[in-house]
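> Here you go, sequence then predicted model.
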Amino acid sequence: MSVLVVGSVALDSVETPFGKADEVLGGSGTFFSASACHQTPVQLVGVVGDDYPREKLQPLADRGVDLAGLETAAGASFRWRGRYRHDLNSAETLETHLGVFSNFRPKIPEAFRSAPYVFLANIDPRLQLEVLDQVERPRLVACDTMNFWIESRRPELLELLGRVDLITLNDAEARQLTERANLVQAARWILERGPKHVVIKKGEHGAFMFTKDTVFFAPAYPLESVFDPTGAGDAFAGGFMGYLARTDDLSEANLRRAVIYGSAMGSFAVEQFSIGGLMDVDAEKIRARVDEFRRLVAFDEELLA
Ligand code: AMP
């Protein structure tokens, strides 16, 4: 089963305590694709400017990312500049230049419209809604967002909430969107507005998945060195959606397994700049890391009286 994703395809300039990268491949759509493609075919919808080094996307195409929905338009590509200080959980955005995304109207290729799994990665909620208008009854639609859009496109985001099955966002975004400090209350606020599942990511502290009646928690993999957290959230979403599409099973138990696959892919993303960490993995390494998650949370159920 394939996954259709719309999201930013960007040039990122990132500074972390461990180094700098200038104008490297980035964007929510790019990180998502680089992660999900290890499990299932991906169809990427987005736009780049005529200054984009499209040839650098070839490794993604080689791994099964269909770029037929990635337009090239006259103008500048989306650029994001961010910095992480010692708290690697929160990025400080220094600059966001939407470039060709300002005038972009997504046109989903005919062959993509019946994609059973759809991910609306972090991008203008207006574009996320336009994509939804063009797809035919997907089995699962999930979305992501960030502070930039929560501030500037709140009404559209609320409309989007009513049309998705699942949302992924980090703890700060959940608090900002819901104006609730408590994450359980924040999740409930979101669940009341449409999605049946809410995944709240807490960076190095793991991720929660909430439904109306259940809560599941997955830790983050305890990495000894985190190099660049950029893209961890999108890589999480790629692992999560890729696993669901590959297994085509929307039971609660399988969604929990998908959270673990998401956490595993997020952990690979942060080991290198840009999509390097995600391009270096294969099915065997993913399997091994998922097994480590199992060991990480295993404990003896027998309690002493
Ligand atoms: P994350 O997974 O949250 O670390 O996402 C990082 C990616 O989000 C970077 O590669 C950026 O290019 C991209 N990004 C940053 N700001 C925005 C925005 N306002 N809209 C869409 N994508 C963005």
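Sure thing, it's come through.
> who in the stretch 1-150 of the chain is up against the ligand?
8, 10, 12, 26-28, 31, 80, 96, 122-123, 146, 148 (Cβ under 6 Å from any ligand atom). Placement of C-beta: from N, CA and C, glycine included.
> Let's see if you can find the most crowded of those.
Among these, residue 31 has the most neighbours (other Cβ atoms under 10 Å), with 33 neighbours.
> helices and strands around the host helix or strand of that residue, which ones?
Using DSSP states H and E, the element containing residue 31 is helix 28-36. Contacting helix 28-36 under the criterion 3 or more Cβ pairs under 8 Å, 6 or more residues apart in numbering; DSSP states H and E are the following elements: strand 3-6, strand 42-49, helix 58-62, helix 232-247, helix 252-269, helix 276-279.
> where in the stretch 201-305 of the chain is pLDDT low?
For the stretch 201-305 of the chain, residues meeting the criterion pLDDT under 70 lie at 304-305.
> And the residue of it that's closest to the ligand?
residue 233 (3.2 Å; Cβ to the nearest ligand atom).
> burial measure for that residue, as a count.
Neighbour count of residue 233, defined by other Cβ under 10 Å: 28.
> Contacts (any at all) between the ligand and stretch 192-209?
No: using Cβ under 6 Å from any ligand atom, stretch 192-209 never reaches the ligand; the gap is at least 8.9 Å.
> Okay, buried residues for that stretch please.
Going by neighbour count (16 or more other Cβ atoms under 10 Å), the buried part of stretch 192-209 is 193-195, 197-204, 206-209.
> Tell me which two in those are the farthest apart.
194 and 204 (29.3 Å; Cβ to Cβ).
> Which parts of the stretch 51-200 of the chain are strands?
65-73, 78-83, 92-97, 117-120, 140-144, 166-170, 197-201 (DSSP state E, counting those that start in this stretch).
> before we move on, the earlier item: can you give me how far the helix holding residue 31 is from the chain middle?
Centroid separation for helix 28-36 versus its chain: 7 Å, with Cα atoms, centre = their mean, to the nearest Å.
> contacts for it?
3, 5-10, 42, 44-46, 57, 60, 65, 119, 121-123, 144, 230-231, 233-239, 241-242, 245, 265, 268-269, 275, 278-279 (Cβ atoms under 8 Å, 6 or more residues apart in numbering).
> do stretch 257-268 as well
35, 38-39, 199, 201, 206-207, 209, 216, 218-221, 223, 232-233, 235-244, 247, 277-278, 280-281, 285-286, 289-290, 293-294.
> Kindly report the same for stretch 103-112.
With Cβ under 8 Å, 6+ apart, stretch 103-112 has contacts from 4, 6, 43, 45-47, 66, 68-69, 71, 73, 127, 130-131, 134-135.
> End to end on it, go ahead and measure it.
One end of stretch 103-112 sits 22 Å from the other (Cα to Cα, to the nearest Å).
> in that stretch, what's buried?
Neighbour counts over stretch 103-112 (16+ other Cβ under 10 Å) mark 104, 106, 108, 112 as buried.
> Dig out what residue 4 forms beta bridges with.
For residue 4, the beta-bridge partners under DSSP bridges are residue 43, residue 118.
> Return the residues in contact with it.
Per Cβ under 8 Å, 6+ apart, neighbours of residue 4: 42, 43, 45, 108, 112, 115, 117, 118, 119, 131, 135, 138.
> Tell me the confidence at it?
Turning to residue 4, the model gives it a pLDDT of 98.
> For residue 119, which non-adjacent residue is closest in space?
residue 5 (4.5 Å; Cβ to Cβ, 6 or more residues apart in numbering).
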